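Undergrad: starting from these lines, generate the structure:
(one chain, ligands or ions: 1)
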Amino acid sequence: MSQEFTFSDVSEHTSKKDLYMIIHDKVYNCTSFVDEHPGGEEVLLDVGGQDSTEAFEDVGHSDEAREILEGLLVGTLKRGANDPPAKAQQQQSSSQTGTGSAGNANMGVGLYAVILLGGALAFFAYQYLQQNQQKA
Ligand code: HEM
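TA: Purely as a prediction, here's the structure:
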């Protein structure tokens, strides 16, 4: 059912009376909402006809804003080979870096374990040697 739009299809809708935008690879017709936007019409007109995923997410919009957004949905974006990569994918790759740093945290824990184990081994080795010395 959902209609597919290319980047150039969406880029034709940039005026206040006909305003489309792309957020997370979905296409929204924001025309009816421009006057109601609590953040003002200017910001919407600035990103009209473009991928505004970053602008939308940077503001940290509420769940209510996301519900309004769903009501404005008109279709999905069809990416061509020469189109820029999805902003959503870029976010994913940065969250993968996040997982990487979580992995580093695990490495940190591992390092502590090795140091503790090494310390314990040194302690027992020292005691063993002292006992041997006392016997001699
Ligand atoms: C069609 C897409 C959008 C919808 C449905 C929407 C909806 C809303 C809603 C409901 C609010 C009130 C606060 C909240 O509930 O989060 C809001 C605030 C705001 N929006 Fe949007 N928004 C959209 C796109 C954008 C974009 C692309 C920008 C770009 C910068 C933007 C910038 C802002 C700002 C700056 C505020 C804060 C206003 C304030 O608190 O003074 N919005 N938006």
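
Undergrad: next up, phi/psi of residue 4, please.
TA: The phi/psi pair for residue 4 (degrees, to the nearest 10) reads phi -110, psi 140.

Undergrad: identify the bridge partners of it.
TA: Following DSSP bridges, residue 4 is listed with bridge partners residue 76.

Undergrad: surely it and residue 75 touch.
TA: Yes: Residue 4 lies in contact with residue 75 (CB atoms under 8 Å); the separation is 5.9 Å. All C-beta spots, glycine's among them, are computed from the backbone N, C-alpha and C.

Undergrad: end to end, how far does stretch 9-25 reach?
TA: Distance between the boundary residues of stretch 9-25 (CA to CA, to the nearest Å) amounts to 13 Å.

Undergrad: same thing with stretch 19-36?
TA: 13 Å.

Undergrad: gap between it and the chain center?
TA: 20 Å (CA atoms, centre = their mean, to the nearest Å).

Undergrad: that stretch - what's its average pLDDT?
TA: For stretch 19-36, mean pLDDT rounds to 97.
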